[in-house]
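[1] Here is my input, please return the structure:
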Amino acid sequence: MAKILFVEDDRPLCVMVESWLSAENHIVELLHNGADGLARVNFYKYDLVILDWELPGISGVELCRRMRSTGNTTPVLILTGRRKELKDKVVGLDSGADDYLTKPFDLEELSARIRALLRRPPQMAGSVLTAKDLVLDAASSTVTKNGRELQLFPKEFSILEFFMRHPNQVFSAVQLLNHVWPSFSDSSPDSVRPYITRIRAKIDTEGQPSFIRTVHGLGYKFQVPE
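    Residues are numbered from 1 along each chain as shown. Okay, the predicted model is just below:
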């Protein structure tokens, strides 16, 4: 699961890519011009940014360059439909982009490029996460406990995956909203608590400490029970 900003003015392509990546349990936010994209990346945190080269207003390459000038290290994938020469790829990569994909592209190749970029930070590595008898497989979107598959709703799955990728770290409700909900969501910190309660009911063993601990006054953390 990753929180992805996709800035592309080809709206049918946006719909197709959003549907594909959402089916892979990513949170995808769509924008259609460079100015809006720059404002969003300056205010919100993402795991990956996908930019079309020829955006209206601020180009994708210029947007990437401005991101890097502020110290933003979020991985960037640039898409383009016309710039195929080596010198153009060099321009894109020199702007600070991490990868480059030429249109038209296969959606499976897009997914592979995304997986490669997300593997770079340590916390995103691996599709199978294990905590004692709890196993989460991000590739197949399944969670099992003692070999028995658990039924989690998409948001519950995303929250659990985020926790399992960041064990023993405390996150406030606001931080969870920022990482797991879309940036434009009108959900409040109070909406996090019912999700935590439902996840605990599904993954915990009665009579044993919870995988998701409440840290009073601070938030929640994922910790494997002893």
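[2] Could I get the full set of helices for this protein?
    Listed in chain order, the helices of the chain (DSSP state H) span 11-23, 34-43, 60-69, 86-94, 107-118, 154-165, 173-180, 192-203.
[3] got the ones you listed as JSON lines, with mean pLDDT, distance to Ile4 and mean neighbour count columns?
    The C-beta positions use only the backbone N, C-alpha and C, and glycine is treated the same way. Converted to JSON lines, the helices of the chain look like this (pLDDT from 0 to 100; distance: least, Cβ to Cβ, whole Å; neighbours: other Cβ atoms under 10 Å):
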{"stretch": "helix 11-23", "mean pLDDT": "94", "distance to Ile4": "6", "mean neighbour count": "14"}
{"stretch": "helix 34-43", "mean pLDDT": "92", "distance to Ile4": "12", "mean neighbour count": "17"}
{"stretch": "helix 60-69", "mean pLDDT": "89", "distance to Ile4": "15", "mean neighbour count": "21"}
{"stretch": "helix 86-94", "mean pLDDT": "59", "distance to Ile4": "19", "mean neighbour count": "13"}
{"stretch": "helix 107-118", "mean pLDDT": "91", "distance to Ile4": "8", "mean neighbour count": "15"}
{"stretch": "helix 154-165", "mean pLDDT": "91", "distance to Ile4": "13", "mean neighbour count": "21"}
{"stretch": "helix 173-180", "mean pLDDT": "88", "distance to Ile4": "12", "mean neighbour count": "18"}
{"stretch": "helix 192-203", "mean pLDDT": "95", "distance to Ile4": "21", "mean neighbour count": "16"}
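[4] could the ones you listed be laid out in JSON lines, adding distance to Val76?
    Converted to JSON lines, the helices of the chain look like this (distance: least, Cβ to Cβ, whole Å):
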{"stretch": "helix 11-23", "distance to Val76": "16"}
{"stretch": "helix 34-43", "distance to Val76": "9"}
{"stretch": "helix 60-69", "distance to Val76": "5"}
{"stretch": "helix 86-94", "distance to Val76": "9"}
{"stretch": "helix 107-118", "distance to Val76": "8"}
{"stretch": "helix 154-165", "distance to Val76": "21"}
{"stretch": "helix 173-180", "distance to Val76": "19"}
{"stretch": "helix 192-203", "distance to Val76": "29"}
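[5] Which one, of these, ends up nearest to Pro75?
    Among the helices of the chain, helix 107-118 comes nearest to Pro75, with 4.2 Å by Cβ to Cβ.
[6] Please state the offset of the closest one from the chain centre?
    12 Å (Cα atoms, centre = their mean, to the nearest Å).
[7] hmm, who's touching it?
    Here helix 107-118 makes contact (Cβ atoms under 8 Å, 6 or more residues apart in numbering) with 2, 4, 16-17, 20-21, 24, 26, 47-48, 75, 77, 98-99, 101, 124.
[8] For Asn146, which of the helices of the chain is the nearest?
    For Asn146, the closest of the helices of the chain is helix 192-203, at 10.9 Å, according to Cβ to Cβ.
[9] Of the contacts of helix 107-118, grab the buried ones for PyMOL.
    Here is the PyMOL command that selects the buried residues among the contacts of helix 107-118 (16 or more other Cβ atoms under 10 Å):
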select buried, resi 2+4+17+21+24+26+47+48+75+77+98+99+101+124
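[10] burial measure for Pro56, as a count.
    When neighbours are counted by other Cβ atoms under 10 Å, Pro56 registers 12.
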